[in-house]
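Participant: Pasted the sequence and its predicted model underneath.
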Amino acid sequence: MAGKFDPNNAQNLIEIEKQFAVKAVEQAQTYWNLLEKVNPVELKLTKIDDEIYEDTVQTFPEFAEPPHTKLVKLDEEWMKSDDGKKRWRDFMERYKDKVKDYNFGCLIRTDAEDEYGEKNTIFVTRIQFYAIEIARNKLNLNAKAHELAIEEAAKEKAKKEKEAKEKAKKKAGKS
């Protein structure tokens, strides 16, 4: 490519899209694994979690209103509305020099009480992910997801142990 890259006139190259998708899925899996292993209230996602949290609840006071329904279940339509876009854009700009890849795409669960899945996942920017998940963690709204992740990991471990036993039995039977 000669000259300066202009994202507004760039074609969506399938390979680039696939790479972004793979990275977003890997990040989601990593976060789910963290939710399994660490109590979300104690989880720190960045060096500036407190600053991001304070800014989030000031910019989006509806997130701070108990019982925090706007944080538990994200309203994608509101986020994409003219008002939502403007508020998020202004919020995001404050982090362009503070958070690496602040505008990189991430997957987030629309319902904090459920796991990642096709119907419970939307695409957001990294700073939106941090803003929402830091607030969910600080307000203990990810407690149910933490329990789900632990249960899921235990089932996966039991399944692997069972498969290993069956494999060992077959191997012993052949000898």
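Facilitator: Yep, that arrived.
Participant: which stretches of the protein have low pLDDT?
Facilitator: 1-12, 175 (pLDDT under 70).
Participant: Mind naming the longest helix for it?
Facilitator: In the chain, assigned by DSSP state H, the helix with the most residues is helix 143-174.
Participant: Could you check how far it is from the centre of its chain?
Facilitator: Offset of helix 143-174 from its chain centre (C-alpha atoms, centre = their mean, to the nearest Å): 26 Å.
Participant: now for that helix, which elements pack on it?
Facilitator: If you count contacts as 3 or more C-beta pairs under 8 Å, 6 or more residues apart in numbering; DSSP states H and E, helix 143-174 packs onto helix 14-37. (C-beta placed from N, C-alpha, C; glycine too.)
Participant: What is the helix it packs on packed up against?
Facilitator: Counting by 3+ C-beta pairs under 8 Å, 6+ apart, helix 14-37 packs on strand 105-109, helix 143-174.
Participant: switch to 10 Å and redo it
Facilitator: strand 105-109, strand 121-125, helix 126-138, helix 143-174 (3 or more C-beta pairs under 10 Å, 6 or more residues apart in numbering; DSSP states H and E).
Participant: Show me the residue sitting in the middle of this structure in space.
Facilitator: Central residue of the chain (C-alpha atoms, centre = their mean): residue 108, 3.8 Å from the mean position.
Participant: So that one is in contact with residue 129, correct?
Facilitator: Yes: counting by C-beta atoms under 10 Å, residue 108 touches residue 129, with 5.2 Å between them.
Participant: shared neighbours of these two, anything?
Facilitator: Common neighbours of residue 108 and residue 129, using C-beta atoms under 10 Å, 6 or more residues apart in numbering, are 24, 28, 31, 123.
Participant: Make a PyMOL selection of the buried ones in the residues you listed.
Facilitator: Buried residues within the shared contacts of residue 108 and residue 129, by 16 or more other C-beta atoms under 10 Å, are selected in PyMOL with:
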select buried, resi 24+28+31
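Participant: Throw the shared contacts of residue 108 and residue 129 into TSV and include distance to residue 69, thanks.
Facilitator: Formatted as TSV, these follow (distance: C-beta to C-beta, whole Å):
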residue	distance to residue 69
24	26
28	23
31	22
123	22
